[in-house]
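A.B. asks: Only the shape, not the letters, is given here:
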């Protein structure tokens, strides 16, 4: 691969697809031709790239002929239908949907942690869920230093994970309430505005949701350690962007908060903001649009002998989806040089 690549973005008009295109531009990714693709019914739409309106085309198997890298930012069923065909046509696929994340022969990659997993797997590479990206970035350096035995996550998730329809419905509900109108919920199970909903995804037989189990399974796969005991609770909050996580960590070796703080400060992809007395800790309102995962409130867990508690915030559409996918592609290119 070299300068002037032919790049396809499947789901180019989705929240994640538009952010991928924005990140490609910002990072001066070596794009020769950008091909915005969507499922049928998108003819006439355009996407903006380097101040040029590019027409969106309907995706077919033939769309991937001659394409070097395809980013999939559409629904899981779209990846299931077209990602394999793209790979068969010699295209490297970076998929942000859940379709391939837990496939044994598909690497699940956060480049700051396990870029080595890409080697020998140039056909389809999966990007984790935003919540798993965030959790893994924080847990990985601690796991390497002290061995993470157990992690309990409560993750407060922005609605943008659910796409443009969720963003629009939240806006409409807020407007309805301020104008003394009854809210309508077509996307959300309950009123989302000024509310929190302790559910993302469908409930399973074990009383966890599919999203909660995905965080557990994906994080273990990224960290390459199935022995880590994990539990997650996902809560939908009325924010447009940024997931916030409260994480309780139990380690094999005792590691004091000050050492964790120093460790995370030098870890790629993280930025420590931790001066609670001065009111300095990660906040979603300041994290939106940022590349880093921000970490703070680092302290001893009083309920565990070798325990650490911390708080992290990350832009779920930026680092959690678009930037992570583009970083994967950058590693693919570097491997070809």
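C.D. replies: Looks like it arrived, so ask away. Keep in mind the model is a prediction, meaning the values are calculated, not measured. Numbers count the residues shown, from 1 in each chain.

A.B. asks: Would you mind listing the buried residues in the top helix by length along the chain?
C.D. replies: Longest helix in the chain, counting residues (DSSP state H): helix 130-146. For helix 130-146, a neighbour-count test (16 or more other C-beta atoms under 10 Å) marks 130-143, 146 as buried. For glycine as for every other residue, the C-beta is placed from the backbone atoms N, C-alpha and C.

A.B. asks: cool, and stretch 60-69?
C.D. replies: For stretch 60-69, the neighbour count (16+ other C-beta under 10 Å) marks 63-64, 67-69 as buried.

A.B. asks: what would those look like in TSV with secondary structure?
C.D. replies: Compiled in TSV, the buried residues of stretch 60-69 are given as follows (DSSP: H, G, I helix; E, B strand; the rest coil):
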residue	secondary structure
63	helix
64	helix
67	coil
68	coil
69	strand
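
A.B. asks: quick one: which of those is nearest residue 11?
C.D. replies: residue 63 (12.6 Å; C-beta to C-beta).

A.B. asks: pLDDT wise, what is the closest one at?
C.D. replies: pLDDT, residue 63: 97.

A.B. asks: Residue 44 too?
C.D. replies: Residue 44 is assigned 79 on the pLDDT scale.

A.B. asks: so it is in which element?
C.D. replies: For residue 44, there is no enclosing helix or strand under DSSP states H and E.

A.B. asks: Also the one 3 residues further on?
C.D. replies: When secondary structure is defined by DSSP H and E, residue 47 falls within strand 46-49.

A.B. asks: Which elements pack onto that strand?
C.D. replies: Here strand 46-49 touches helix 15-26, strand 31-38, strand 52-55, going by 3 or more C-beta pairs under 8 Å, 6 or more residues apart in numbering; DSSP states H and E.

A.B. asks: Now do the buried residues in it.
C.D. replies: Under 16+ other C-beta under 10 Å, the buried positions of strand 46-49 are 47, 49.

A.B. asks: partners of that strand, with directions?
C.D. replies: Partners of strand 46-49 in the sheet, by DSSP bridges, are strand 52-55 (antiparallel).

A.B. asks: just how off-centre is the partner strand within its chain?
C.D. replies: Distance, stretch centre to chain centre, for strand 52-55: 26 Å (C-alpha atoms, centre = their mean, to the nearest Å).

A.B. asks: start the count at 706, not 1, going forward
C.D. replies: Understood, numbering begins at 706; the last thing we discussed is strand 757-760.

A.B. asks: From the rest of the structure, what touches that strand?
C.D. replies: The contact list for strand 757-760 (C-beta atoms under 8 Å, 6 or more residues apart in numbering) reads 739, 741, 749-753.
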